[in-house]
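**Student:** The sequence isn't on hand, but the structure is:
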């Protein structure tokens with residue numbers, strides 16, 4: 001290895017580490033990033049390794065009903081933040097809210113440790129424009145199941161935020177701040193759980209918990225499960241389930257995934273009518289996120305919820321019953337260009 005190559009490798013590693021704290025630090029342009037090879041970069045796997053290894057802390061901290069209950073509660077409310085805010089609001093603008101509540105939603109979503117709302121929205125809008133074609137960042141059809149599930153997020157090619165694709169959000173400096181310093185909120189969240197555990201141990205010893213225990217269960221275990229269940233929509237929801245609509249991608253509907261993700265499992269419905277705030281189109285399609293958003297609208301915190309279009313219930317748009325998916329080699333399948341995403345005007 002030459003003396004020139006080594007400093008370049010070290011500098012690249014240092015930049016990657018700094019970007020964990022400032023995601024816009026020396027980031028390549030989108031055009032430059034797209035020229036990079038799509039591969040797992042081991043430096044970027046470190047945060048995921050830390051998150052998963054942190055779950056092993058349960059060996060030392062033990063378990064309690066308090067810690068397990070808190071982990072489940074934090075899973076549910078943070079999954080709602082991912083599905084209701086990161087996905088249905090920031091990515092698709094399926095309802096309207098005030099600027100203050102928009103910031104609250106961004107702050108809430110940041111505790112999920114899935115990066116900032118602007119990066120999440122840009123990535124998801126890109127997914128809908130190129131769903132399951134060669135440019136899709138996380139397509140099981142194109143890149144395999146494991147890459148679609150977790151591999152894609154470890155590649156620097158998919159790291160930058162294309163602020164041009166989220167101009168409707170990038171005009172708010174508070175959202176840009178949360179997106180740029182996306183590790184700040186998770187760190188504060190983890191510290192708060194540790195402090196809470198220590199306080200409960202001193203004030204209510206009968207709960208049999210501690211700072212370390214709440215940190216392991218409330219942050220590491222809850223967040224790890226949250227990540228994988230969210231990632232199932234990128235991976236499993238494109239290979240498992242039924243198809244009501246003949247979309248140009250492999251999206252599918254699954255009750256199991258809908259229960260795990262509070263309604264996101266009705267993925268084929270969503271890809272057919274992405275502008276709807278509701279993804280479970282029928283009463284038997286459980287969509288807990290929609291119920292929660294409806295409750296927020298009754299409280300006056302959000303409004304202008306975009307309904308399921310009438311055409312969604314037209315039988316002529318449905319897939320024929322018991323019809324098997326068309327088996328066409330990927331190399332010969334014609335991929336129709338998707339319409340570009342144009343967010344509606346929001347009164348914030």
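**Tutor:** Yep, it's here. Bear in mind that the values here come from a model prediction, so they are computed numbers and not experimental data.

**Student:** Would you mind checking the average pLDDT for stretch 118-129?
**Tutor:** Confidence for stretch 118-129, expressed as mean pLDDT, is 96.

**Student:** got the residue ranges for the strands in this protein?
**Tutor:** 96-97, 302-303 (DSSP state E).

**Student:** Would you mind finding the most buried of the ones you listed?
**Tutor:** strand 96-97 (a mean of 20; mean count of other C-beta atoms under 10 Å). Quick note: C-beta positions are derived from backbone N, CA and C, even for glycine.

**Student:** about what we covered before: take the strands of the chain and lay them out in a markdown table including mean pLDDT.
**Tutor:** Formatted as a markdown table, the strands of the chain follow (pLDDT from 0 to 100):
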| stretch | mean pLDDT |
| --- | --- |
| strand 96-97 | 97 |
| strand 302-303 | 98 |
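
**Student:** Mind checking those strands for the one nearest to residue 45?
**Tutor:** strand 96-97 (35.6 Å; C-beta to C-beta).

**Student:** so what strands line up beside the closest one?
**Tutor:** strand 302-303 (antiparallel) (DSSP bridges).

**Student:** any residues touching the partner strand, and which ones?
**Tutor:** 89, 95-97, 101, 293, 296-297 (C-beta atoms under 8 Å, 6 or more residues apart in numbering).

**Student:** try stretch 38-50
**Tutor:** Stretch 38-50 is contacted from outside by 13, 16-17, 20, 143, 150-159, using C-beta under 8 Å, 6+ apart.

**Student:** Quick check: buried residues in that stretch?
**Tutor:** By neighbour count on 16 or more other C-beta atoms under 10 Å, the buried set for stretch 38-50 is 41, 43-44.

**Student:** Next: stretch 236-247.
**Tutor:** Those would be 236-238, 240-241, 243-245, 247, for stretch 236-247 by 16+ other C-beta under 10 Å.

**Student:** now stretch 22-40
**Tutor:** 23-24, 27, 30, 33.

**Student:** ditto for stretch 49-64
**Tutor:** 51, 54-55, 57-58, 61, 64.

**Student:** Export the residues you listed as CSV, with columns for distance to residue 289 and pLDDT.
**Tutor:** Below are these laid out as CSV (distance: C-beta to C-beta, whole Å; pLDDT from 0 to 100):
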residue, distance to residue 289, pLDDT
51, 24, 95
54, 27, 97
55, 26, 97
57, 30, 97
58, 29, 97
61, 31, 96
64, 29, 96
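
**Student:** tell me which of those is nearest to residue 131?
**Tutor:** For those, the nearest to residue 131 is residue 51 (27.4 Å; C-beta to C-beta).

**Student:** Was I right to think the closest one contacts residue 113?
**Tutor:** Yes: using C-beta atoms under 8 Å, residue 51 is in contact with residue 113, at 7.2 Å.

**Student:** buried residues in the lengthiest helix in the chain?
**Tutor:** Assignment by DSSP state H gives helix 184-203 as the longest helix of the chain. Of all the residues in helix 184-203, those buried under the rule 16+ other C-beta under 10 Å are 185-186, 189-190, 193-194, 196-198, 200-201.

**Student:** same thing with stretch 286-296?
**Tutor:** In stretch 286-296, the ones that count as buried by 16+ other C-beta under 10 Å are 286-290, 292-294, 296.

**Student:** Make a markdown table out of the residues you listed and add distance to residue 172.
**Tutor:** Below are these laid out as a markdown table (distance: C-beta to C-beta, whole Å):
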| residue | distance to residue 172 |
| --- | --- |
| 286 | 33 |
| 287 | 28 |
| 288 | 28 |
| 289 | 23 |
| 290 | 25 |
| 292 | 23 |
| 293 | 21 |
| 294 | 25 |
| 296 | 20 |
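
**Student:** And these, which is closest to residue 37?
**Tutor:** The nearest one, if we look at the buried residues of stretch 286-296 relative to residue 37 and count by C-beta to C-beta, is residue 289, at 36.2 Å.

**Student:** residue contacts, the residue lying closest to residue 261 once chain neighbours are set aside?
**Tutor:** Excluding the flanking residues, the one nearest residue 261 by C-beta to C-beta, 6 or more residues apart in numbering is residue 229, at 5.7 Å. Listed by C-beta under 8 Å, 6+ apart, the contact set of residue 229 reads 79, 260-261.

**Student:** Please apply the same query to residue 242.
**Tutor:** Taking C-beta under 8 Å, 6+ apart, one finds 252-254, 268 in contact with residue 242.

**Student:** before we move on, the earlier item: from the buried residues of stretch 38-50, which ones fall inside helices?
**Tutor:** 43-44.

**Student:** need the buried residues of stretch 38-50 in a markdown table with distance to residue 134 and pLDDT, can you?
**Tutor:** Converted to a markdown table, the buried residues of stretch 38-50 look like this (distance: C-beta to C-beta, whole Å; pLDDT from 0 to 100):
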| residue | distance to residue 134 | pLDDT |
| --- | --- | --- |
| 41 | 21 | 83 |
| 43 | 26 | 81 |
| 44 | 22 | 81 |
